[in-house]
Every structure is written in structure tokens, then in C-alpha cells.
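[1] Below: sequence and its predicted model.
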Amino acid sequence: MNLLFSNDRRGSYPESWYAATASDLAPFPVLKGEMRADVCVVGGGYTGLSAALHLAEAGLDVVLVEAHRVGFGASGRNGGQLGSGQRVDQPSLEKLVGAGPARHLWDLGEEAKTLVRDLISRHGIDCHLRPGVAWCGSSQSEVADLHAYARHMGEHYGYGIEALDREAFREVCPSPDYAGGVIDMGAAHLHPLRLAQGLAAAAAAAGARIFERSLVLELSAGTGGVVRCESGSVRADNVILAANGYLGGLQPQVARRVMPINNFIVATEPLGARTAEVLTRDIAVADSKFVVNYFRLSHDGRLLFGGGESYGYRFPSDIRATVRKPMLKVFPSLADVRLEHAWGGTLAITMKRLPLLARLGPNLLSASGYSGHGVGTAVHAGRLLAEAVRGQSAGFDAMAALPTPAFPGGAGLRSPLLALAMSWYALRDKLGI
């Protein structure tokens, strides 16, 4: 098999607070027999569901195949932050690609947020969308960098980001670990699995044929593509790969430039009045550490806290212990609070933390490698893929032009080398370097 699911059960969603509070979306059937379509989409996360929805709305015959349930992977398990821009900040993008292209990438990022909000509104997706994402630092130098970024965005992009010193930030987030930060009220947070399920329902209503529990074993692409699953196959004029961290070895050109990593989240018991020990505003937060800690309050008053990473497809034996350590560093007063849910998900990163959109052949397109910034970027990438299939490729081509070099060491050494690098950065975080 080309896709690995060592931590997952194929017939159901993995345990998480998201799964426990998901919508009642009936399972889609298993793909059986041979089918014909204009487009076959491989992967039922944000990218694939968005592509299928936009293609079906344009009148194309679309088949989507998903190895598990729609939203089963990172799309249904992530931190739920709908961030602004790209994963890489604007000053870094300006140095990397130039001021003009960086501005275009910012505009595409803003387009992504607008698209997500519009889809939620248009299709009535109940995913608890709320405005506001903060970034914070543990040292004065980190806070100074964040405040400089806020000034840069205001002066050069006309985009308002609120800067907070230590006292002002602690009025919002009373953690003793943070020395200040910024708040971006143009960003947002939401229930990620409910968003994925809502996109699936919308795609199916538009005419897309969705098949779950239909693992792709191999694909061939030429003048037409053939996608072979365990109990059936799809012959299509165009194929879209949207498997992200679960692509495995299905497409070596992508695998060389995209690395699967795992991130972990816990959900506490409902905090009641103690939510004020975490946040006094209904926003999401991420810090400036290389291995980012991120958190927010759920709509039922739990702390959702993410932290820690592993590489490949293996999860730690005790996710609660993995996440509890950084959680208590940020919120030591919660040492007595019960962790009712703990889960992980496999996402995909690239060397430069920029998404990989690629034309792998005349009729084979791929999008992946969102590097922890996928809620908006992946949904937007799905629309760009759909437009490219229809011959409108300006947005797709702009994203495909981003530098996405291969990881050093090939498939065998890339994970150990990354783990070594991440250990060094984790040590820097601990020492405050």
C-alpha cells in the first residue's frame, strides 16, 4: 500500500473532541466497480472537498475518493486557526520573492480567508466561526519582533494588527509565560471537522460523487488518468492529488518535497468560571516558539491546547503527557484540570514552509504542504485547482512558482535529519536563545 495509516482506523473518525462534537454526516459509499468522470479527486480533506465543490458547481462530473472518512486527516484534527496571509510572514516573503510577488501572495491569503467565510455563510456550515488570532512571545525580543511586524503590516499593507505590551496582553491571556504580543482580528478560529463535513455536504449537493473507505493503491496519468482503489477504479480526464500528509509514496515527485509530521492537541474538561485563567476574549493564540504552542477556548468552555511534534506516521504512546508538559508551562494553574480528550494528526510541511502546488503532468495536478497554515490555504488551493482544470490557472501558477526544494537525504533520511534539526530548535526554545 502507498498510504500509511498506522494510527488510524479506516471505518470511523479517530477519538478527539472534534469527533465527539461533529455533525451527523451520514457515511458516503465505498467505491465499487469501474467509473468514468471528468475529474477524479484523491483525498477528502479541505483541498479535495473544495476542488470537488467548485468543479461540481461549474458543471463538471467529479468523483472524489477518500481512504477513510471526509475530514479524517489534518482537516478534521487541526488547531482550527484561519490565519492571515501565508505561513511565511510578509517581510520574509518580500526578501524571498520580492515586494510585488509578496504583495500578490498576501492578497491570495486574504482571498483565502474571504473564501472560507463565504462558503460557511453560503452553505450554512455550523462550525463556530469566531474572529481573532493572537501571536505572543515569551521574551522581550520576540515581542519586539511581533510589534515590528504589526507596524510593517500597517505601513506597507494597510492591514491593522493590534500590538499589546506585557500588561495589556495579560489582561487577555494571563499566562506568566508571555511578555506581550499582537492580535489580528481579521483572522479567525473555528471547528475544523465541522467545516470539512460542511464542505462535503455542499459538494455532494452540487453533484460531486464522494466515496469513503476507498484507499487509492495506484494511479496512472497520461491523456487520461486511472485511479485504482481496493474495490474499484475511476477513469478521468483529469486527476487532482489532495492527500497532503497522507500521500505516502503515491507520487514520488511530491514526496521528495513534502514531509509528513504529526502534531498533538488535548481538550480539558469544561473550565466553567476558570476560563478566565486562560483567555478573557474569545480568540485563538499561538506563540513564537519554533515548535509552536497554540490554544483557544471551545464553544463549551474547554481549553483546546496544541503542542509537540513527531515525524513520519508514529504517534507517542501517551499524547496527554506529551501535550500536558507545554500546557502547564503556559498555564501552571491548570495542573489539577482533567484532560478529557487527546489526539494527533498528520500534516505536511515543506522546506521553506510554503505550499506546494504542482502540475505533475498535462492532466495531473497536486496541492499539499501547507505547513500548519492549511485551514484557509487548503480550501483556497482547492478552488485554484478547480480553476486550473478549467483553464483558468493564474492563481494556481502564482502559487506553483513558489520555491519548494526537496528535503535533503531523500525519503530514507529526511525524517531523522528533520528530527535532529527540530531537537536543536526545541533546545533553543527552552534556553530562550
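    Sure, I can see it.
[2] going forward, measure contacts between C-alpha atoms and count neighbours the same way
    Fine.
[3] Can you give me the neighbour number for Asp300?
    10 (other Cα atoms under 10 Å).
[4] And the pLDDT for it?
    We have a pLDDT of 97 for Asp300.
[5] swap in Arg414?
    Reported pLDDT at Arg414 in the predicted model: 49.
[6] same check, this time on the one 3 residues further on
    Here, the pLDDT recorded for Leu417 equals 52.
[7] Over to the one 4 residues further on?
    The predicted local confidence for Ala421 comes out at a pLDDT of 47.
[8] For the stretch 251-400 of the chain, which segments are assigned as strands?
    Ranges of strands in the stretch 251-400 of the chain, per DSSP state E, counting those that start in this stretch, are 259-268, 284-287, 294-297, 303-311, 339-349, 356-361, 364-368.
[9] what's stretch 239-254 in contact with?
    Identification of contacts with stretch 239-254 by Cα atoms under 8 Å, 6 or more residues apart in numbering yields 2-5, 39-45, 47-48, 73-74, 217-219, 221, 225, 255, 258-261, 346-348, 360, 363-369, 385.
[10] and those residues, which are buried?
    Neighbour counting over the contacts of stretch 239-254 (16 or more other Cα atoms under 10 Å) leaves 3, 39-45, 47-48, 73-74, 218-219, 221, 225, 255, 258-261, 346-348, 363-369, 385 as the buried ones.
[11] Can you get me a residue count around the residue nearest to Ser220 when sequence neighbours are not counted?
    Among residues not flanking Ser220 along the chain, Val226 sits closest, at 5.3 Å (Cα to Cα, 6 or more residues apart in numbering). When counting by other Cα under 10 Å, one arrives at 21 neighbours for Val226.
[12] Wait, Val226 touches Gly232, no?
    No: the criterion here is Cα atoms under 8 Å, and Val226 misses it with Gly232 at 10.5 Å.
[13] tell me the average confidence for stretch 148-160?
    98.
[14] Kindly apply the preceding question to stretch 339-350 instead.
    94.
[15] cool, and stretch 361-381?
    Per-residue pLDDT over stretch 361-381 has a mean of 95.
[16] so where's the longest helix in this protein?
    Criterion DSSP state H: the longest helix present in the chain is helix 99-122.
[17] what's it packed up against?
    If contacts are counted by 3 or more Cα pairs under 8 Å, 6 or more residues apart in numbering; DSSP states H and E, helix 99-122 sits against helix 90-97, helix 192-205, helix 374-389.
[18] Of all those, which one is nearest Asp24?
    Taking Cα to Cα, helix 192-205 is the member of the helices and strands packed on helix 99-122 nearest to Asp24, at 8.9 Å.
[19] which residues touch the closest one?
    18-19, 22-23, 25, 44-46, 49-50, 52-54, 56, 70-71, 75-80, 119-120, 123, 125-127, 210, 375.
[20] Leu402 against Met351, yeah?
    No: using Cα under 8 Å as the test, Leu402 is too far from Met351 to be in contact (11.5 Å).
[21] if we can go back for a sec, neighbouring strands of the helix or strand harbouring the residue nearest to Ser220 in the sheet, and parallel or not?
    Assigning secondary structure by DSSP states H and E places Val226 in strand 225-229. Strand pairing for strand 225-229, using DSSP bridges, gives strand 216-221 (antiparallel), strand 232-241 (antiparallel).
[22] Pick the most buried one from those strands.
    Mean neighbours per residue, mean count of other Cα atoms under 10 Å, is largest over the strands paired with strand 225-229 for strand 232-241, with a mean of 23.
[23] CA atoms only: put that one into PDB for me.
    Written as PDB, here are the backbone C-alpha positions of strand 232-241 (Å, rounded to 0.1, in the frame of the first residue of the first chain):
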ATOM      1  CA  GLY A 232     -12.900  -0.200  -7.900                       C
ATOM      2  CA  SER A 233     -11.300   2.300 -10.200                       C
ATOM      3  CA  VAL A 234     -12.000   5.700 -11.800                       C
ATOM      4  CA  ARG A 235     -11.000   6.700 -15.300                       C
ATOM      5  CA  ALA A 236     -10.900  10.500 -15.600                       C
ATOM      6  CA  ASP A 237      -9.800  13.200 -18.000                       C
ATOM      7  CA  ASN A 238      -8.000  15.000 -15.100                       C
ATOM      8  CA  VAL A 239      -6.700  13.800 -11.700                       C
ATOM      9  CA  ILE A 240      -6.200  16.000  -8.600                       C
ATOM     10  CA  LEU A 241      -4.000  14.800  -5.800                       C
END
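[24] quick check: angle from it to strand 364-368?
    60 degrees (axes from the mean of the first three to the mean of the last three Cα atoms, to 10 degrees).
[25] what about strand 232-241, average pLDDT?
    What strand 232-241 shows for mean pLDDT is 96.
[26] repeat for stretch 196-208
    The pLDDT scores in stretch 196-208 average 98.
[27] Repeat that for stretch 86-98.
    Mean predicted confidence for stretch 86-98 is 96.
[28] Residues touching it, excluding its own?
    Contact partners of stretch 86-98, identified using Cα under 8 Å, 6+ apart, comprise 99-103, 105-106, 109, 149, 353-354, 370-373, 377.
[29] cool, stretch 361-371 as well?
    With Cα under 8 Å, 6+ apart as the test, stretch 361-371 has contacts from 47, 87, 221-225, 237-245, 258-259, 347-350, 353-360, 377-378, 381-382, 385.
[30] List the contacts of the residue nearest the centre of the chain.
    Central residue of the chain (Cα atoms, centre = their mean): Gly374, 2.9 Å from the mean position. By Cα under 8 Å, 6+ apart, the contact list for Gly374 reads Ser75.
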